[in-house]
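[1] What would the 3D arrangement of this be:
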Amino acid sequence: MIRTIPYRKAALQNRHVVAAVSVARYALAGLVVATALAVPAGVLVVRASDDQAARSFEAVAAVAAGSVVAPLVTPALRRGEPAALDLMNRRVASLIAAGSVSQVTVRDADGHLLWPRNPARPEAAAPLGTSERQALQSASVVSATGGSGDRPRVAAVGIGDATGTPTLVEVSDRTDRVSVGPMWMRVARPALAALLALEVVQVPLLYGLGRRSRRNLRTEASLAAAVAEATATERRRVAGAVHDYVIPEMTGLAYDLDASRLGAPGADTPSALVGRSARGLRQCIGELRLLLSDLVQTRAPSGGLDTALRVLGDQMGGAETGVSVQVQAPKDLPRPVAELLYRCAQESLRNVATHSRAEQVEIVVQQDGRRATMTIDDDGCGFDETRMAERQAGGHVGLRTLGNLVADGGGSLTARSAPGQGTRLTITVPLTPAPGIPEPVR
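    Numbering: from 1, shown residues only. I've put the predicted structure just below:
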C-alpha cells in the first residue's frame, strides 16, 4: 500500500497536466476555428455585396442608356453636328454630376464612336466584343464587367436610337467606391469579434469543468487510497482474530489429543477428551463463521445503532454471558461513526467470549459535543496492564486489533483492567473526521 500512494499521486499530477494541456488545446482550437469562420464569412459577404452592387449598377446603366442617352442619338449626332454633340455633352455631364455614372460611350453597330468624338479628328471603327454584340442583338444590358481594384465596372447596353437603329451604349461606374479590402475588414472584424467573444465565454466554462474534473480525480485518488487502507485494515483484523482466537484454541486441542495418544500422565479420559474437543471445534467453527459473516457484511444493520447493538449482544452473548445496551446518543449519528462503534462492539464481545469468562457485559454509548463515546464493561477475569506487551508477544492480539480499528477511524481507545476485576474499554470517536495522528492505545 505504501508503494501505491506515490504512484497514484504521480498519476494524478500527470492527469492534471493532461487536463491543462486539453484546456489550452481547446482554447487554441477555438481561436483557429473562429478565424477560419470569420474569413469565409467576410469573403462571402463581400462577394454577395459585390454581386448586389453589379446588379444595381446594371439597372442604373439601363435607365441612363434608355431614358437619357437613347433620345439624343439622332441622325444629327451621327453626322457630328455641334448642336447635337453639345446637347449630348450637357445631358451626360448632368448624369455624371448626379453621381450615378462616371463615363458614357456611344457606338454604332460597326463599332464607330458616335460620342464623345471630335468631328475634326474622326476615329477608326473598333471591333466589338462578344458582350457588346450580344447587347446589340438583345437590346438590353448583357453584363457588367470589371469592378476590381481601380478598374471601373462597365455595362454594355443595347438600345434603339431616335430612328430605331441599333446602338451600343457603354456606361462606366464610379471608381471612388469602397474597395473590397476595406469592405472585407468591416465585415470580418465584427464576425471575428463575435466569435472571439463566444470563445471568451466558453473558456471560463471549460476551466470550471477542468477544475471539477481535477476535484473528481483527487476524490478518486482519495477513495482508492481509502479502499486500499480499508482492505489492509480488514486483513489485519481477520488475521488478528484467527491468530488470537482460532489458532490458540485448535493448538490447545491438538496438545490434548497428542497427550492422550501418547499416554501422558494425567491425561483426560477418552470420553472427556472427545467432548472437550467437540466443544472447542464448535467454538472455532462459530468463530470462523462470524469472520466470514463480517467479510460479507461489515456495516451495522439498519434500524439505528441501538437496535444493532442489541441484536449483536443477543447473538454473541448467549446463555453464559448477558449483554445490556444503553445508547444515549441520537439515532442520527453519522453512518461511519455508527459503523465503527458497531465493529468495536463486535471485537470487544469476541474478546470477552474468548478470554474474560464474564457473566455480564454492559455497553453504553454517549454523545458529547463533537464526539461519540462507547464504554464496554465486563466482570471477567481481567488482565495485568503491565504485562500487555508480554500478552501480545504471546499471541493475544485482540486488543491490539481493536486499537488499530479505532485508530484507523481517527479515534482513541483506553483500556483499564486488573486481574479478577474485569475490564473497561473506552472508545472515543470524532463525529467529523479530522486530520492528525490518532491517539495510541493506553
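
[2] ok, and the helix or strand in the protein with the lowest average confidence?
    helix 388-393 (a mean of 56; mean pLDDT, DSSP states H and E).

[3] quick one: the helix or strand following that one to chain centroid distance?
    Sequence order places helix 398-408 as the next helix or strand after helix 388-393, per DSSP states H and E. How far helix 398-408 lies from its chain's middle: 40 Å, per Cα atoms, centre = their mean, to the nearest Å.

[4] which stretches of the stretch 101-250 of the chain form helices?
    Counting by DSSP state H, counting those that start in this stretch, the stretch 101-250 of the chain has helices at residues 130-138, 180-241, 247-262.

[5] I'd like the ones you listed written out as CSV, with mean pLDDT, mean neighbour count and distance to F383 added.
    For glycine as for every other residue, the C-beta is placed from the backbone atoms N, C-alpha and C. Formatted as CSV, the helices of the stretch 101-250 of the chain follow (pLDDT from 0 to 100; neighbours: other Cβ atoms under 10 Å; distance: least, Cβ to Cβ, whole Å):
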stretch, mean pLDDT, mean neighbour count, distance to F383
helix 130-138, 83, 16, 117
helix 180-241, 71, 14, 17
helix 247-262, 81, 14, 15
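
[6] Can you say which helix or strand has L273 in it?
    Short version, using DSSP H and E: L273 is in helix 270-296.

[7] That helix versus helix 247-262: what angle between them?
    160 degrees (axes from the mean of the first three to the mean of the last three Cα atoms, to 10 degrees).

[8] Use 35 as the first number for this chain going forward.
    I'll keep to 35 as the first residue from here, and by that count the last item is helix 304-330.

[9] the inter-axis angle of helix 304-330 versus helix 214-275?
    170 degrees.

[10] quick one: buried residues of the very next helix or strand once past helix 304-330?
    Using DSSP H and E, the helix or strand that follows helix 304-330 in sequence is helix 339-351. Using 16 or more other Cβ atoms under 10 Å as the test for burial, helix 339-351 gives L339, D340, A342, L343, R344, L346, G347, M350, G351.

[11] Just the closest of these to V66, please.
    The closest of the buried residues of helix 339-351 to V66 turns out to be L339 (Cβ to Cβ; 60.6 Å).

[12] domains of the protein?
    38-214, 338-476 (automatic domain parsing).

[13] can I get the ones you listed in JSON lines with distance to A228?
    Formatted as JSON lines, these follow (distance: least, Cβ to Cβ, whole Å):
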{"stretch": "domain 38-214", "distance to A228": "9"}
{"stretch": "domain 338-476", "distance to A228": "49"}
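
[14] Tell me which of those domains lies nearest to A312.
    domain 338-476 (17.1 Å).

[15] Verify the stated contact: R434 with A273.
    No. R434 is beyond contact range of A273, at 11.1 Å (criterion: Cβ atoms under 8 Å).

[16] Pick out whichever of the buried residues of helix 339-351 sits closest to V398.
    Nearest to V398 among the buried residues of helix 339-351, with distances taken as Cβ to Cβ, is L343, at 10.1 Å.

[17] Spatially nearest residue to that closest one (excluding sequence neighbours)?
    Closest residue to L343 apart from its sequence neighbours, by Cβ to Cβ, 6 or more residues apart in numbering: V359 at 4.5 Å.

[18] Strands of the stretch 335-476 of the chain, residue ranges please.
    In order along the chain, the stretch 335-476 of the chain carries the following strands (DSSP state E, counting those that start in this stretch): 356-361, 394-402, 405-412, 446-451, 457-464.

[19] List just the one of these that sits closest to V234.
    strand 457-464 (45.9 Å).

[20] Buried residues, that closest one. List them.
    In terms of neighbour count (16+ other Cβ under 10 Å), strand 457-464 has its buried residues at T457, L459, T460, I461, T462, V463, P464.

[21] ditto for stretch 113-130
    Neighbour count says stretch 113-130 has A118, L119, M122, R125, V126, L129, I130 buried, by 16+ other Cβ under 10 Å.

[22] what sits up against the helix or strand containing the last one?
    Read that as I130. Taking DSSP H and E as the criterion, I130 maps to helix 116-131. Helix 116-131 is contacted from outside by 98, 102-103, 106-108, 110-111, 135-138, 140, 149-151, 153, using Cβ atoms under 8 Å, 6 or more residues apart in numbering.

[23] Of these, select the buried ones using a ChimeraX command.
    Of the contacts of helix 116-131, the buried ones can be selected in ChimeraX as follows, counting by 16+ other Cβ under 10 Å:
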select :98,102,103,106,107,110,111,135,136,138,140,149,151
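
[24] tell me the contacts of V176?
    S165, E166, Q168, A169, A190, G192.

[25] what is the rounded mean pLDDT of the host helix or strand of A63?
    Assigned by DSSP H and E, A63 belongs to helix 38-97. Across helix 38-97, pLDDT averages out at 69.

[26] Can you name the element that comes right after that helix?
    Using DSSP H and E, the helix or strand that follows helix 38-97 in sequence is helix 109-113.

[27] and that next one, C-alpha only, in CSV?
    What follows is helix 109-113, C-alpha atoms only, in CSV (Å, rounded to 0.1, in the frame of the first residue of the first chain):
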residue,chain,number,x,y,z
PRO,A,109,-29.1,61.5,-87.2
ALA,A,110,-27.6,64.9,-86.4
LEU,A,111,-25.5,63.3,-83.7
ARG,A,112,-24.4,60.6,-86.2
ARG,A,113,-23.4,63.4,-88.6
